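Colleague: Here's my sequence, what's the structure:
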Amino acid sequence: MNGSTPQPPRKRLFVALMGFTCILLIGIIYLLWWVPTKGLANFHPDLPRIVGLVFGTLSLLAVLGTALLVLTTALGKDILFTRFMRLVVIKFLLPVIETMGKLFGIPKDTIRQSFVAMNNSLVSSQRLLVPADRILILLPHCLQLFDCEIKVTGDINKCVRCGRCDIKGLADIAQKYRVDISVATGGTLARKVIIEKRPKLVVAVACERDLTSGIKDCYPLPVIGILNDRPYGPCFNTRVDVEKIDAAIASVLVGS
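Modeller: Next comes the predicted model:
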């Protein structure tokens with residue numbers, strides 16, 4: 001059995017690489033200031049000081065931004081600019097940190113697991129309260145047994161609740177909280193479902209690659225990502241901890 005069960009995602013790896021990136025960025029900023037200093041003085045004696053002030057401000061912003069991210073995720077509170085910080089993490093830091101991880105020999109999926117945990121922490125820190133009709137559970141089709149004759153893609157209510165796969169438990173959760181639930185065969189269909197449903201929050205189940213891609217594509221829409229288990233390999237009879245989905249919805253549902 002060539003299985004794959006992800007370890008519980010831990011944001012501290014992403015935080016550590018984020019700190020290293022911050023230090024590297026400050027080093028680059030310093031070099032950009034120090035190298036041309038003498039040449040700038042030839043144009044005007046105050047130029048090195050002015051450029052140094054600009055670069056010093058950029059360095060301070062990098063340090064403060066990193067510290068703010070760490071505090072937000074550590075305390076679980078929306079301190080300042082959490083939505084903007086998610087943008088910085090998703091659009092800027094993630095590709096840089098994936099490159100850093102490659103240099104250090106850290107598997108990309110390990111970094112993505114940590115990124116998902118970091119994203120979930122930032123979403124959680126916003127303390128969102130969302131009505132049931134604006135929450136969407138988005139599932140990959142591989143959660144359904146490969147040999148099941150009743151395909152639930154597009155309409156999970158077709159499920160006969162036999163209990164052989166996790167679709168039953170997930171459909172029960174959707175019914176319990178009266179939230180929308182959809183099964184998608186890929187990113188294109190997932191985006192189509194989101195456009196049609198217009199949710200205010202998505203609870204998505206997928207592998208590291210698809211979750212990372214989905215979180216990036218959906219921004220600024222908040223997404224809580226839940227990694228699936230792959231006991232038989234990728235995209236085949238995968239599983240998910242149904243209780244994690246239940247807890248994720250209960251944490252954001254209005255009146256819960």
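
Colleague: From now on I want contacts and neighbour counts done on CA atoms only, so please keep to that.
Modeller: Fine.

Colleague: List the contacts of the closest residue in space to residue 112 that isn't next to it in sequence.
Modeller: Among residues not flanking residue 112 along the chain, residue 208 sits closest, at 5.7 Å (CA to CA, 6 or more residues apart in numbering). Counting by CA atoms under 8 Å, 6 or more residues apart in numbering, residue 208 touches 109, 112-113, 116, 227.

Colleague: hmm, 7 Å instead?
Modeller: Counting by CA atoms under 7 Å, 6 or more residues apart in numbering, residue 208 touches 109, 112-113, 227.

Colleague: Could you measure from it over to residue 173?
Modeller: Look at residue 208 and residue 173: by CA to CA, to the nearest Å, they are 23 Å apart.

Colleague: Is it possible to mark the buried ones in the contacts of residue 208?
Modeller: Burial by neighbour count, judged by 16 or more other CA atoms under 10 Å, picks out 112-113, 227 from these.

Colleague: Redo these as CSV? Include pLDDT.
Modeller: Formatted as CSV, the buried ones among the contacts of residue 208 follow (pLDDT from 0 to 100):
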residue, pLDDT
112, 93
113, 93
227, 95
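
Colleague: so of the contacts of residue 208, which ones are in strands?
Modeller: Among the contacts of residue 208, the members found in strands (DSSP state E) are residue 227.

Colleague: just the contacts of residue 208 now: which is nearest residue 17?
Modeller: residue 112 (12.2 Å; CA to CA).

Colleague: just checking, that closest one touches residue 212?
Modeller: Yes: using CA atoms under 7 Å, residue 112 is in contact with residue 212, at 6.5 Å.

Colleague: who's in contact with the host helix or strand of residue 137?
Modeller: Using DSSP states H and E, residue 137 maps to strand 135-140. The contact list for strand 135-140 (CA under 7 Å, 6+ apart) reads 179-185, 199-206.

Colleague: Please check the residues you listed and keep the buried ones.
Modeller: 179-184, 199-206.

Colleague: ranges for the strands of the protein?
Modeller: Using DSSP E, strands in the chain cover 135-140, 180-184, 201-206, 223-227.

Colleague: Just the angle for the last one relative to strand 201-206, thanks.
Modeller: By that I understand strand 223-227. Here strand 223-227 runs at an angle of 20 degrees relative to strand 201-206 (axes from the mean of the first three to the mean of the last three CA atoms, to 10 degrees).
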